[in-house]
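Asker: just a sequence and a predicted model for now, questions to come.
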Amino acid sequence: MIEGLRKPVSIHQKSKVVIIGAGNVGEAIAYTLMVRKQANDIVLIDLDKNKAKAAALDVAHGTGFYSQVWVRAGSYEDCKDAQLIIITAGIGRKPGQTRLELGQVNVSIARDIARCIMEYNDNPLILVVSNPADVVTAAVLEETGLRRGQVIGSGTSLDSARFRYFISEALHVDVEDIKAYVLGEHGDSQVAIWSNVTIAGIPLDTYEEQRGIKINREEITQLTKTSGADIIKGKGATFYGVAMAVSNITERIMNDQQGVVPVAHLMGARYGKWANICFSMPCIIGSDGIEATFDIPITDEEREALNKSVEIIGNMQNELGIFTHLTNPLE
């Protein structure tokens, strides 16, 4: 029997994260948050209640080794006092299925979830992981009517981590010393921003010149873009990398760290033709969600690629009927 998951012996300052969707990604996120002690109350919600209970219990068993963290299955009522609600629910992309077809299904699911959340919490902070991440994030924002900074998509945070990983491999340098961004769509049109890559604060061009090396940028860009698909081809799904990306965002929120992370969010009026389109740019993230967005200096070529990426997302939003009613950009 799976009922009766224990509560922690003591909770000093209660911190609660609700994860909606107990599939591979949701379960991996719950496990990662538990191991990194980023909340002391982690709740899994799923339409399949038995699956949610089993997943929660499997993760909860690990707390017996070192940490008083309560991991349990719950219901939408648990959203009412959650510091963060993470949406992972949705279907995976099937062979031959277009991103638009996937978007139609997962946007519908996400809208239903958003309505359920708002029944119990009228001012939540929501992190969207479900794909296609950009348009699903926009749909959740539209459905909830929250301010733009309260609905965050995991966006290119994972793509940027992959980018840094492949650069570190090529340079044989600790990945923590590498700062690099992938911006735009979490998808095929993503843009690797090579002009801003630094190693321990040293611009990449300068670093290569001083070391007498030259890495293959085109190959790394391609690996960054296709590695997710390669993993899916080999094992059927990706979940550990995205769990760490979500954990990184969660840490900034739960600890009010004011960290800079590339995440998806709806752009405001000051972004001109990019306004009302949801995609990833570097943002300061704290306990209130997104607190500032940076339009970092990039090359003309990168700007052109980013414009194309934003256009692709904007067209998908229009085809899915997301924010098509707006006559003026949101502030």
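Answerer: Nice, thanks for sending it over.

Asker: tell me where the protein has helices.
Answerer: Under the criterion DSSP state H, the chain contains helices at 24-35, 49-61, 99-120, 133-144, 157-171, 204-211, 217-235, 240-254, 300-319.

Asker: at the geometric centre of the chain, which residue do we find?
Answerer: Geometric centre of the chain, nearest residue: Ser154, 1.3 Å, by CA atoms, centre = their mean.

Asker: tell me the phi and psi of it?
Answerer: The phi/psi pair for Ser154 (degrees, to the nearest 10) reads phi -60, psi -30.

Asker: ok so, going back, quick one, which of the helices of the chain is nearest to Ile193?
Answerer: Smallest distance to Ile193 across the helices of the chain (CB to CB): 5.8 Å, for helix 300-319. The C-beta positions use only the backbone N, C-alpha and C, and glycine is treated the same way.

Asker: so Ser67 makes contact with Ala39?
Answerer: No - Ser67 lies out of contact with Ala39 (CB atoms under 8 Å); the separation is 11.1 Å.

Asker: higher neighbour count, those two?
Answerer: Taking other CB atoms under 10 Å, Ser67 and Ala39 do not tie; Ala39 has more neighbours (24 against 13).

Asker: is it correct that Thr224 is in contact with Ala161?
Answerer: No - here Thr224 lies out of contact with Ala161, judged by CB under 8 Å, at a distance of 9.5 Å.

Asker: format the helices of the chain as JSON lines; extra columns: mean pLDDT, distance to Ala82 and mean neighbour count.
Answerer: Below are those laid out as JSON lines (pLDDT from 0 to 100; distance: least, CB to CB, whole Å; neighbours: other CB atoms under 10 Å):
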{"stretch": "helix 24-35", "mean pLDDT": "96", "distance to Ala82": "12", "mean neighbour count": "24"}
{"stretch": "helix 49-61", "mean pLDDT": "95", "distance to Ala82": "15", "mean neighbour count": "19"}
{"stretch": "helix 99-120", "mean pLDDT": "94", "distance to Ala82": "9", "mean neighbour count": "18"}
{"stretch": "helix 133-144", "mean pLDDT": "97", "distance to Ala82": "14", "mean neighbour count": "27"}
{"stretch": "helix 157-171", "mean pLDDT": "97", "distance to Ala82": "21", "mean neighbour count": "21"}
{"stretch": "helix 204-211", "mean pLDDT": "96", "distance to Ala82": "40", "mean neighbour count": "14"}
{"stretch": "helix 217-235", "mean pLDDT": "92", "distance to Ala82": "28", "mean neighbour count": "14"}
{"stretch": "helix 240-254", "mean pLDDT": "97", "distance to Ala82": "11", "mean neighbour count": "21"}
{"stretch": "helix 300-319", "mean pLDDT": "96", "distance to Ala82": "27", "mean neighbour count": "17"}
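
Asker: now those in CSV, with distance to Gly272?
Answerer: Converted to CSV, the helices of the chain look like this (distance: least, CB to CB, whole Å):
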stretch, distance to Gly272
helix 24-35, 34
helix 49-61, 43
helix 99-120, 25
helix 133-144, 18
helix 157-171, 24
helix 204-211, 29
helix 217-235, 27
helix 240-254, 27
helix 300-319, 11
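
Asker: ok, which of those comes nearest Pro282?
Answerer: Nearest of the helices of the chain to Pro282, taken as CB to CB: helix 157-171 at 9.1 Å.

Asker: now for that closest one, which elements pack on it?
Answerer: Here helix 157-171 touches strand 178-183, strand 191-199, helix 204-211, helix 217-235, helix 240-254, strand 259-266, going by 3 or more CB pairs under 8 Å, 6 or more residues apart in numbering; DSSP states H and E.

Asker: let's go with 6 Å and repeat that
Answerer: strand 178-183, helix 217-235, helix 240-254, strand 259-266 (3 or more CB pairs under 6 Å, 6 or more residues apart in numbering; DSSP states H and E).
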